[in-house]
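Colleague: I would like the atomic coordinates for the input below:
(chains A and B)
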2 protein chains.
Amino acid sequence: MTKELQLDHLRGVLVRLEETIIFGLIERAQFLHNPPVYRVGGMGPPLGAETLLEFILHETERSHAKVRRYTSPDEHPFFDDLPDPILPPLAYAENPLHQNRVNLNAQIMVMYVNEIVPFICAEGDDANYGSCAVIDVHLLQALSKRIHYGMFVAESKYRESASSFDPVIRAGDAAGIEAVITVPEIEAQVHDRVSHKASAYGSELLKAGDGGIAPEKVRAIYERWIIPLCKQVEVDYLLQRLD
Amino acid sequence: MTKELQLDHLRGVLVRLEETIIFGLIERAQFLHNPPVYRVGGMGPPLGAETLLEFILHETERSHAKVRRYTSPDEHPFFDDLPDPILPPLAYAENPLHQNRVNLNAQIMVMYVNEIVPFICAEGDDANYGSCAVIDVHLLQALSKRIHYGMFVAESKYRESASSFDPVIRAGDAAGIEAVITVPEIEAQVHDRVSHKASAYGSELLKAGDGGIAPEKVRAIYERWIIPLCKQVEVDYLLQRLD
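Modeller: Residues are numbered from 1 along each chain as shown, chains lettered A, B, ... in the order given. As a prediction, the model looks like this:
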């Protein structure tokens, strides 16, 4: 099997992304909720129908699209009106994924703004709008990458054992697919590991009374949002696997 | 004294920026050096006279300028041809700094590209150019903020004891100013603290053999580059303090 689909390689990528996500959560949690960042008109009329977060994310994606970020099979944009790359295509190893239209970013955005930000930040407004929006952009990009990596995981599982998937896929049986891909022990391992890492990373700040984020919160973010959405990516991908 | 100049407040900002810088160093160190990111033409002709890092930094600064990042007295851009803000000015507390033209970003860029990146990254090319350039941008912005905070520190010290500064400032005596601002015990404290934090933050990754960055390297980055440049900011600022 191509390197991109070997479970060891996939596991390495996902484990390393945990740091990026935990660092991002710690960075965001140093500021208050700052609701105007997420409200249309929160900065007054100049940003039109976009929130400050959407405006900065959109600008960031335009720049990154120019340097071909979204030609990589593990990157998915939040916006669909991005400019073409100005760089010539990179010679990626052949895309190991089956063609698909999976993109959960709209859902990820709603979940992030309505659930994760209020969950990790103290209520209130400290006027650090720009700093928050910039951190939000990184965190959203990292969450999106982590969650969409489910496609590589799903493809790898599919190739290991197509015969256990084909009947449930043909039946369009999402719950059946979910049952085949779910390994509760592995999920528990992930939750324990991120909680352990978060306590290593957050302890200095918590000790200093200088923000930080409680390890149980990082565990909950994986448990309630990241893992379920990643499984949804796997299921959605597999539903399209035989098209 | 205004809150922005109180030593407790300044210390809090600087200590919290240590996390941002250490996280950035850990993120960058997961990739190889990737020299094409820093070479004009490294991505072929489309980026013209800019390296990939300069291109992404420039685009980022244009976006951030639009949402008035550089109207904040603690933010300094690397480029000087940025668009005007599209947002109305924020009512910042009055800028507590004396008017000045201090901006060490050109030096910070050279130091980062020529010294810090090869110091923290393993040699070689893993083709993760975009990911590296994006992390570089954050790290440069965090380093620039940390180093230019020297102006607030200098202003605070000046107001505490103008009479010990005025003669050396009038004499244009940079070495004399440096002698007045230097407190070796405080510098040693900073070096010890960042090295301690880096071992807390890096240990999980180092244990896992998954990158990370040695605590002595983080200490060295503060000792050799950040603290000396911050002191240079203080000196340059104070040399202009009576203009």
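Colleague: now what about stretch A:219-226, what contacts it?
Modeller: Contacts to stretch A:219-226, defined as C-beta atoms under 8 Å, 6 or more residues apart in numbering or on different chains, come from residues A:21, A:25, A:111, A:115-116, A:119-120, A:143, A:146-147, A:190-192, A:194-195, A:198. Any C-beta I mention is one placed from the backbone N, CA and C, and that applies to glycine too.
Colleague: do the same with stretch A:10-20
Modeller: For stretch A:10-20, the external contacting residues (C-beta under 8 Å, 6+ apart) are A:4, A:138, A:142, A:145-146, A:149, A:152-153, A:156, A:193-194, A:197, A:201, B:26-27, B:30, B:204-205, B:208, B:210-211.
Colleague: hang on, the earlier thing: and the contacts of stretch A:219-226, which is closest to B:T60?
Modeller: Using C-beta to C-beta, A:L143 comes nearest to B:T60 of these, at 20.1 Å.
Colleague: what's the nearest residue to the closest one if we skip its chain neighbours?
Modeller: A:I108 (5.8 Å; C-beta to C-beta, 6 or more residues apart in numbering or on different chains).
Colleague: Number of residues surrounding that neighbour?
Modeller: Neighbours of A:I108 under the rule other C-beta atoms under 10 Å in any protein chain shown: 22.
Colleague: what residues are up against it?
Modeller: A:I108 neighbours (C-beta under 8 Å, 6+ apart): A:F78, A:L140, A:L143, A:S144, A:I147, A:L229.
Colleague: Could you rerun that using 7 Å?
Modeller: A:L140, A:L143, A:S144, A:I147, A:L229 (C-beta atoms under 7 Å, 6 or more residues apart in numbering or on different chains).
Colleague: Dihedrals phi and psi, the last one?
Modeller: Per-residue torsions, A:L229: phi -70, psi -40 (degrees, to the nearest 10).
Colleague: residues near it, how many?
Modeller: 20.
Colleague: Run through the residues of chain A sitting next to chain B.
Modeller: Selection of chain A residues close to chain B by C-beta under 7 Å from any C-beta of the partner chain yields A:15-16, A:19-20, A:23, A:26-27, A:30, A:43-44, A:46, A:52, A:55-56, A:59-60, A:63-64, A:67, A:69, A:86-88, A:130, A:197, A:200-201, A:203-205, A:210.
Colleague: Okay, the most centrally placed residue in chain A and A:D84: tell me how far apart.
Modeller: Centroid check for chain A by C-alpha atoms, centre = their mean gives A:L143 as the closest residue, at 1.9 Å. A:L143 is 26 Å from A:D84, where distance means C-beta to C-beta, to the nearest Å.
Colleague: that older thread, return the closest of the contacts of stretch A:219-226 with respect to A:I169.
Modeller: Closest to A:I169 out of those is A:I147 (20.8 Å), distances taken as C-beta to C-beta.
Colleague: Contacts only, for the closest one.
Modeller: The neighbourhood of A:I147, defined by C-beta under 7 Å, 6+ apart, consists of A:L104, A:I108, A:I226, A:L229, A:C230, A:V233.
Colleague: Tell me the first helix or strand C-terminal of the lowest-mean-pLDDT helix or strand in chain A.
Modeller: Lowest mean confidence among the helices and strands of chain A (mean pLDDT, DSSP states H and E): helix A:184-207, at a mean of 87. Downstream of helix A:184-207, the first helix or strand assigned by DSSP states H and E is helix A:215-221.
Colleague: remind me which residues of chain A are low pLDDT?
Modeller: Applying pLDDT under 70 to chain A flags residues A:92-93, A:208-211.
Colleague: Show me where it has its helices.
Modeller: Under the criterion DSSP state H, chain A contains helices at A:7-29, A:52-66, A:105-111, A:117-120, A:129-148, A:150-160, A:162-170, A:174-181, A:184-207, A:215-221, A:227-239.
Colleague: now the fourth one, how far from the centre of its chain.
Modeller: Averaged C-alpha coordinates place helix A:117-120 at 16 Å from its chain's average position (C-alpha atoms, centre = their mean, to the nearest Å).
Colleague: cool, and the second one?
Modeller: From the chain centre to the centre of helix A:52-66 is a distance of 16 Å (C-alpha atoms, centre = their mean).
Colleague: same deal with the longest one?
Modeller: Going by C-alpha atoms, centre = their mean, the spacing between the C-alpha centre of helix A:184-207 and its chain's C-alpha centre is 18 Å.
Colleague: A:T51 - how many residues pack around it?
Modeller: 20.
Colleague: Could you count how many residues lie near A:P88?
Modeller: Close neighbours of A:P88, defined as other C-beta under 10 Å, add up to 11.
Colleague: these two touch, right, it and B:G44?
Modeller: Yes: counting by C-beta atoms under 7 Å, B:G44 is a contact partner of A:P88 at 6.0 Å.
Colleague: how about the CA coordinates for stretch A:142-161, as CSV?
Modeller: C-alpha atoms of stretch A:142-161 as CSV (Å, rounded to 0.1, in the frame of the first residue of the first chain):
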residue,chain,number,x,y,z
ALA,A,142,-5.7,22.4,11.9
LEU,A,143,-9.1,21.1,12.9
SER,A,144,-10.2,20.8,9.2
LYS,A,145,-7.0,18.9,8.3
ARG,A,146,-7.4,16.6,11.3
ILE,A,147,-11.1,15.9,10.6
HIS,A,148,-10.7,15.4,6.9
TYR,A,149,-7.8,13.0,7.5
GLY,A,150,-10.6,10.6,8.1
MET,A,151,-10.7,10.0,4.3
PHE,A,152,-7.2,8.6,4.3
VAL,A,153,-8.1,6.4,7.3
ALA,A,154,-11.2,5.3,5.6
GLU,A,155,-9.5,4.5,2.4
SER,A,156,-6.8,2.5,4.2
LYS,A,157,-9.5,0.5,6.1
TYR,A,158,-11.4,-0.1,2.9
ARG,A,159,-8.4,-1.4,1.1
GLU,A,160,-7.6,-3.7,4.0
SER,A,161,-11.0,-5.3,3.8
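Colleague: Quick check: buried residues in that stretch?
Modeller: Neighbour-count burial for stretch A:142-161 flags A:142-158 (criterion: 16 or more other C-beta atoms under 10 Å in any protein chain shown).
Colleague: just to revisit the earlier point, for the least confident helix or strand of chain A, C-alpha coordinates in PDB please.
Modeller: Only the C-alpha atoms of helix A:184-207 are listed here, as PDB (Å, rounded to 0.1, in the frame of the first residue of the first chain):
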ATOM      1  CA  PRO A 184     -13.800   2.000  20.800                       C
ATOM      2  CA  GLU A 185     -10.400   1.000  22.300                       C
ATOM      3  CA  ILE A 186      -8.500   3.200  19.800                       C
ATOM      4  CA  GLU A 187     -10.800   6.100  20.500                       C
ATOM      5  CA  ALA A 188     -10.200   5.700  24.200                       C
ATOM      6  CA  GLN A 189      -6.500   5.700  23.500                       C
ATOM      7  CA  VAL A 190      -6.700   9.000  21.600                       C
ATOM      8  CA  HIS A 191      -8.800  10.600  24.400                       C
ATOM      9  CA  ASP A 192      -6.300   9.500  27.000                       C
ATOM     10  CA  ARG A 193      -3.300  10.600  25.000                       C
ATOM     11  CA  VAL A 194      -4.600  14.100  24.200                       C
ATOM     12  CA  SER A 195      -5.600  14.600  27.800                       C
ATOM     13  CA  HIS A 196      -2.200  13.500  29.000                       C
ATOM     14  CA  LYS A 197      -0.500  15.900  26.500                       C
ATOM     15  CA  ALA A 198      -2.700  18.800  27.400                       C
ATOM     16  CA  SER A 199      -1.800  18.400  31.100                       C
ATOM     17  CA  ALA A 200       1.900  18.400  30.100                       C
ATOM     18  CA  TYR A 201       1.500  21.400  27.900                       C
ATOM     19  CA  GLY A 202      -1.000  23.400  29.900                       C
ATOM     20  CA  SER A 203       0.500  22.900  33.300                       C
ATOM     21  CA  GLU A 204       3.000  25.700  33.200                       C
ATOM     22  CA  LEU A 205       0.300  28.200  32.300                       C
ATOM     23  CA  LEU A 206      -2.200  26.800  34.700                       C
ATOM     24  CA  LYS A 207       0.400  26.900  37.500                       C
END
